[in-house]
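>>> Quick one, fold the following:
(2 chains)
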Amino acid sequence: GAGVSQSPSNKVTEKGKDVELRCDPISGHTALYWYRQSLGQGLEFLIYFQGNSAPDKSGLPSDRFSAERTGGSVSTLTIQRTQQEDSAVYLCASSLVRGPTEAFFGQGTRLTVV
Amino acid sequence: DQQVKQNSPSLSVQEGRISILNCDYTNSMFDYFLWYKKYPAEGPTFLISISSIKDKNEDGRFTVFLNKSAKHLSLHIVPSQPGDSAVYFCAATSGNQFYFGTGTSLTVIP
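Numbers count the residues shown, from 1 in each chain, chains lettered A, B, ... in the order given. Here you go, the predicted model:
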């Protein structure tokens, strides 16, 4: 497809387990973003990748969160030792780098930690 | 520190009337502003944008106004339709990451 694809769409995990969330950005988009939306909250920035530059990790809430982007395309967000407060919808977006442009979002992964 | 703020968490409007959603920002370096619309269980979708060199951009029923001196932008929807009921996010960028507001839930009453 031509859009941003995220998998899985839903994930239920037990507290303390690790989870991996995947994002396939739009082909040709060199910028990739992860956001999360907790229940009743706005979009919280997590991490931003741009080309081969070092990612902006300033939004990661704790060292249990990490993300990588292999080959400048697919990205994986990993949450270690999940906690109940990690339950949220995790959204990935991608955009072109040059010029003013909009970011295109995937449908999100709904993570529930029980 | 929230650089983009939407101070109204919700708004209800009668069908056919105008909906006005507001957004304030603090960073004068932002040069591009966007509005996204989000339905439940879906990702946000781009709606309309405006460059900082303009003060108005119109697309059909949607118009975005930018007041740079006040660091304020607004989205006008006229006439409002029930299908417009969704959460609207304001976003701003200076070329790197996007900063989002907390969203305004719009309900258009038939």
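>>> which SS state does residue A:93 fall under?
Secondary structure state of residue A:93, per DSSP: H, G, I helix; E, B strand; the rest coil, is strand.
>>> How many neighbouring residues does it have?
27 (other Cβ atoms under 10 Å in any protein chain shown). Yep, even glycine has a C-beta here, placed from its N, CA and C like the rest.
>>> Please name the nearest non-neighbouring residue to it.
residue A:103 (4.1 Å; Cβ to Cβ, 6 or more residues apart in numbering or on different chains).
>>> how much space between the one you found and residue B:89?
For residue A:103, the distance to residue B:89 (Cβ to Cβ, to the nearest Å) stands at 11 Å.
>>> Near chain B, which residues of chain A are found?
Listed as neighbours of chain B in chain A under the rule Cβ under 8 Å from any Cβ of the partner chain: A:4, A:6, A:33, A:35, A:41-43, A:45, A:48, A:50, A:56, A:91, A:93, A:95, A:100-108, A:110.
>>> Could you pull up the residues touching the residue positioned nearest the centre of chain A?
The centroid of chain A falls nearest to residue A:34 when counting by Cα atoms, centre = their mean (3.2 Å). For residue A:34, the set of contacting residues under the criterion of Cβ atoms under 8 Å, 6 or more residues apart in numbering or on different chains consists of A:23, A:46, A:47, A:48, A:67, A:75, A:77, A:90, A:91, A:92.
>>> who touches the second one in this structure?
For residue A:46, the contact set (Cβ under 8 Å, 6+ apart) comprises A:33, A:34, A:35, A:36, A:59, A:60, A:61, A:65, A:67, A:77, A:90.
>>> Wait, a strand at residue A:23?
Yes: the assignment for residue A:23 (three-state DSSP) places it in a strand.
>>> what about it, distance to residue B:45?
As for residue A:23, its distance to residue B:45 is 17 Å (criterion: Cβ to Cβ).
>>> Between these two, which has more neighbouring residues?
Neighbours were tallied for residue A:23 and for residue B:45 using other Cβ under 10 Å; the higher tally belongs to residue A:23 (27 against 13).
>>> Do I have it right that that one meets residue A:3?
No: Residue A:23 is beyond contact range of residue A:3, at 11.3 Å (criterion: Cβ atoms under 8 Å).
>>> tell me which element the residue lying closest to residue B:76 once chain neighbours are set aside is part of?
When the adjacent residues along the chain are set aside, residue B:76 lies closest to residue B:63, with 4.5 Å between them (Cβ to Cβ, 6+ apart). With the criterion set as DSSP states H and E, the secondary-structure element containing residue B:63 is strand B:62-67.
>>> Those residues of chain B touching chain A, which are they?
B:6, B:31-32, B:34, B:36, B:41-46, B:49, B:51, B:89, B:91, B:93, B:95-103.
>>> Make a PyMOL selection of the buried ones in those residues.
Selecting in PyMOL just the buried members of the residues of chain B next to chain A, where the criterion is 16 or more other Cβ atoms under 10 Å in any protein chain shown, is done with this command:
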select buried, chain B and resi 6+32+34+36+43+44+46+49+89+91+93+97+98+99+100+101+102+103
